[in-house]
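*Asks:* A predicted structure for the sequence below; I have some questions about it.
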Amino acid sequence: MNPKSIAGLIAGAVVIFVLIIAASSSTYVVEPGHRGVEVMLGRVSPVFKPEGFGFKLPFITAIYPQVIRQQTATMVADCYSSDLQQVKIDVRVLYRVPQSSVVSIFRDYAGMPFESLIKPRVAEALNEITANRSAELIVQKREEVKSLAFESARKKIGDVLLIEDIVLENISLTRALENAIEAKMVQEQEAARSRFAQQQAQTEASTVVIKARGEAESIILRGKALRENPSVLELQIIEHWDGITPLVVGPGATGANMMLPLGDFTTGGTATTNQEVQP
């Protein structure tokens, strides 16, 4: 082969290679859950590319995919309580980039909004909330702290991003403060037990007093009833008599107060007893 033929083959191969490269770079695919941002010669197009297959100008145009699914990121917020105690909070942030903000997020935050937009706003919101509460209350009312910080962070970020939720995974205090809180809780539990024991003793004492008062009132009522109806006493004596005549009868005993012996009646009508009555 002469040199011209060889040069023609090389030139043809180069053209084919360039065409293949051009054809491959003139198409793009945006995966599900993403949107594409078109950049032509360093200029960002204001319109995003939807998911799917498309064409673009080769070599001078690039399509950058941006995630619009919910994303999760973690951070640590260093806060101070109202009593000037250091509090470290491990936070998990759930956020999502709305497709209407895909282009602006790519242009203003290089497509990575968490470090430059979300993290400082969430940390600022947490510091504002914890600064108005003691360290003990921050631990005890972590759900309240989370809710207030969540609302504050959403307002600070605005509509450019959607904060779905924030989770306070862990709240760390200094060892000395944790020991102090634990000791205080133990004292409160002991005080609660003491109050319960006092209340129980007071209840038992009140029960005894009420029972004694009831018995006294019952005795008074029974005495009054007997004074008004003396025959009731005689009836009770008769009901409880065991059939044995008392040997000694007090003076003035009459009626049911003196039980006469039944004795044994003889044929002559004379009553006999086995007991001797002393004059």
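*Replies:* Sure, I can see it. Numbering: from 1, shown residues only.

*Asks:* Which helix or strand contains Leu94?
*Replies:* strand 86-96 (DSSP states H and E).

*Asks:* if you skip the residues just before and after it, what's nearest to Ala110?
*Replies:* Closest residue to Ala110 in three dimensions, ignoring its sequence neighbours and counting by C-beta to C-beta, 6 or more residues apart in numbering: Ser116, at 7.9 Å. Yep, even glycine has a C-beta here, placed from its N, CA and C like the rest.

*Asks:* Remind me which helix or strand the most centrally placed residue in the chain belongs to.
*Replies:* Centroid-nearest residue in the chain: Glu143, 7.8 Å away (criterion: C-alpha atoms, centre = their mean). Secondary structure assigned from DSSP H and E places Glu143 in helix 142-157.

*Asks:* what's that helix packed up against?
*Replies:* Applying 3 or more C-beta pairs under 8 Å, 6 or more residues apart in numbering; DSSP states H and E, one finds that helix 142-157 contacts helix 119-130, strand 162-172.

*Asks:* Now that we have those, can you turn them into TSV and tack on mean pLDDT?
*Replies:* As requested, the helices and strands packed on helix 142-157 are exported to TSV (pLDDT from 0 to 100):
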stretch	mean pLDDT
helix 119-130	94
strand 162-172	92
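
*Asks:* can I get the ones you listed in a markdown table with distance to Gly223?
*Replies:* As requested, those are arranged in a markdown table below (distance: least, C-beta to C-beta, whole Å):
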| stretch | distance to Gly223 |
| --- | --- |
| helix 119-130 | 72 |
| strand 162-172 | 71 |
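
*Asks:* deepest of these, which one?
*Replies:* helix 119-130 (a mean of 20; mean count of other C-beta atoms under 10 Å).

*Asks:* picking that back up, I'd like the distance between the residue nearest to Ala110 and Val97.
*Replies:* Ser116 sits 13 Å away from Val97, taking C-beta to C-beta, to the nearest Å as the criterion.

*Asks:* Name the residue in the two with the higher neighbour count.
*Replies:* More neighbours surround Val97 than the other of Ser116 and Val97, with 23 against 11 (other C-beta atoms under 10 Å).

*Asks:* other SSEs contacting the longest helix anywhere in the chain?
*Replies:* Identified as the longest helix of the chain according to DSSP state H is helix 175-228. The contact analysis (3+ C-beta pairs under 8 Å, 6+ apart) places helix 175-228 against helix 135-140, helix 231-240.
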